[in-house]
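1. A predicted structure for the sequence below; I have some questions about it.
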Amino acid sequence: MIILNQRQQELLGMVQREGHVTVEALANHFGVTHQTIRRDITLLADNRLLQRIHGGASAQSSVENVAYNTRQVMCIDEKRRIAKLVAEQIPNHASLFINLGTTTEEVAKALHNHHGLHVITNNLNVAAMMCNYPDCEVIVASGVMRPRDMGIIGESTIEFIRKFKVDYGIIGISSIETDGTLRDYDMREVRTSDAIINQSRNVFLVADHSKFGRPSMVELGPLSRVTALFTDQAPPEEMAAVIKEAHVELYIAP
């Protein structure tokens, strides 16, 4: 499992946002040598987090996500801060969906002191965590299990979700484009998230800053479909008007 230092995380975020960055620009930005930046790029490329090109680095493919065990440790402090803020907005005795993703799993951890929750999830990691919480009922969706992240997906998962109407839907996402379009990598995941949005009275989207402007292939819909966006940094300036027009509440974790 790769653990990135702060510079490597920021470097990865810059490449994801800008699409392509030169070694020289990165070295100037971080105040380190070209050799240090090349080592960082090699490490990130070897772990399929970006693509090494002549003179710099470019964003990873828009059709394939980063490996699950790598995502577990990427921006982990940011995800935990986001999760704590989300947990503060969830009352006891609430009903909620929690979908796939490493940030939603951190939300599940942050809810450990809540009582009387009714949780429907297609994430077996979340189910295993929350089944021991005080007076917490966990309902696991039916479907096909995906071994790499213990997620449950498929047509039966969508049909199962449609049987419920809950107070809060907690969803993650792989990409938020500057125009507010939400995107992910897997059509089956997107269809499941779509069902969760439709069956939730309030939709909380959890996304750390690395998700802004990141390339991803499958469209989930506009940002206006969610009630609130929880993140760790102010979104890019060009997104401010989009968030306001979408009437989405913005929460930035301290």
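-> Alright, I've got the coordinates. Residues are numbered from 1 along each chain as shown.
2. mind giving me the domain ranges of the protein?
-> According to automatic domain parsing, the chain comprises the domains 6-60, 70-252.
3. For Ile171, give the beta-bridge partners.
-> When bridges are called by DSSP bridges, Ile171 pairs up with Leu205.
4. show me the contacts for it.
-> Contacts for Ile171 (Cβ atoms under 8 Å, 6 or more residues apart in numbering) come out as 97, 99, 101, 104, 193, 196-197, 203-206, 226. C-beta coordinates here come from the backbone N, C-alpha and C atoms, glycine included.
5. just the domains of the chain: most buried one?
-> Most buried of the domains of the chain by mean neighbour count (mean count of other Cβ atoms under 10 Å) is domain 70-252; its value is a mean of 19.
6. State the mean pLDDT of it.
-> Averaging pLDDT along domain 70-252 gives 92.
7. got the contact list for the closest residue in space to Asp184 that isn't next to it in sequence?
-> Of all residues beyond its chain neighbours, the one nearest Asp184 is Ser174 (4.6 Å), with distances taken as Cβ to Cβ, 6 or more residues apart in numbering. With contact taken as Cβ under 8 Å, 6+ apart, Ser174 is in contact with 65, 183-185, 211, 214, 216.
8. Just send the residues you listed back as JSON lines, with distance to Ala127 and secondary structure too.
-> Shown next, in JSON lines, are those (distance: Cβ to Cβ, whole Å; DSSP: H, G, I helix; E, B strand; the rest coil):
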{"residue": "Asn65", "distance to Ala127": "21", "secondary structure": "coil"}
{"residue": "Arg183", "distance to Ala127": "26", "secondary structure": "strand"}
{"residue": "Asp184", "distance to Ala127": "21", "secondary structure": "strand"}
{"residue": "Tyr185", "distance to Ala127": "23", "secondary structure": "coil"}
{"residue": "Lys211", "distance to Ala127": "24", "secondary structure": "helix"}
{"residue": "Arg214", "distance to Ala127": "28", "secondary structure": "coil"}
{"residue": "Ser216", "distance to Ala127": "26", "secondary structure": "coil"}
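9. Let me know the closest of the residues you listed to Ala253.
-> Of all these, Lys211 has the smallest distance to Ala253: 13.8 Å, by Cβ to Cβ.
10. I'd say that closest one and Ile173 touch.
-> Yes - taking Cβ atoms under 8 Å as the definition, Lys211 is a contact partner of Ile173 at 6.2 Å.
11. Regarding Asp43, what are the backbone dihedral angles?
-> If you look again at residue 43, you'll see it is Leu, not Asp. phi -60, psi -50 (degrees, to the nearest 10).
12. and which of the contacts of Ser174 is nearest Gly19?
-> For these, the nearest to Gly19 is Arg214 (9.8 Å; Cβ to Cβ).
13. wait, doesn't the closest one sit right on Ala59?
-> Yes - counting by Cβ under 8 Å, Ala59 is a contact partner of Arg214 at 7.2 Å.
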